[in-house]
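Peer 1: Below is the sequence, then the predicted model.
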Amino acid sequence: MANPILARRGLEENLPILRAGEPAVVTNSGKEKFYFGTGTKNIQLARQDEMLKALDNKTDKEALVWFSPVLLNSAGSADAAFCKLGNVVYLRGWMHPAPVEVPLFILPLGFRPSKWTTFIVPPSKGDTSRVMRLSIASDTGEVMFNDLTFGTAPLSAGTSINCCFIAG
């Protein structure tokens, strides 16, 4: 059985400088805020609703174009897409079915992170015992799910790929 991931939680004014990779949840802001520590500072993570609202309200002259990826290994999605605004790449959508430990799709050059990037993603209601990681390879651009509970069966009801990162 996997160990649970523990996160600090509490009031924002009591949040210390977090250790490198340490997560925290601030609960007194009306909307929860999520942070990860670097050891020297805390980095606030973007909320999906705020990120998508900012993209919708974009006022600069750069056109925002969402691309549909070419799905691999029996991956399915009706709405998976990626775009780039400045040097930030955004992924969105729901993967169903969602194979594990094989590429879902490949990001093209210019849309890849500078180093291997991972995100913890929530599985669907049918897979609540699993802890999933969305991994993006910097060298190949492969986007895949890894099961941190060491399963290899596809996610039965799918999961989200909503995230953003700096292109390398």
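Peer 2: Received it, and whenever you're ready, just let me know what you need.
Peer 1: ok, which stretches of this protein are strands?
Peer 2: Counting by DSSP state E, the chain has strands at residues 8-10, 23-26, 33-37, 42-44, 81-85, 88-92, 94-95, 103-106, 117-121, 132-136, 142-147, 159-160, 163-166.
Peer 1: got the domain boundaries for this structure?
Peer 2: The record's domain parsing of the chain by automatic domain parsing lists 8-44, 48-166.
Peer 1: Least confident secondary structure element in the protein?
Peer 2: helix 48-56 (a mean of 66; mean pLDDT, DSSP states H and E).
Peer 1: what's around the residue nearest to Pro103 when sequence neighbours are not counted, how many residues?
Peer 2: Distances taken as Cβ to Cβ, 6 or more residues apart in numbering place Glu142 nearest to Pro103, at 4.1 Å, with adjacent residues excluded. (Glycine included, C-beta is placed from N, CA and C.) Neighbourhood size, Glu142 [other Cβ atoms under 10 Å]: 17.
Peer 1: Give me the below-cutoff pLDDT ranges for the protein.
Peer 2: For the chain, applying pLDDT under 70 flags the ranges 1-4, 29-31, 46-63, 123-130, 148-157.
Peer 1: Kindly recompute the last result at 90.
Peer 2: Counting by pLDDT under 90, the ranges of the chain that qualify are 1-15, 18-65, 73-79, 85-87, 93-101, 119-133, 145-162, 168.
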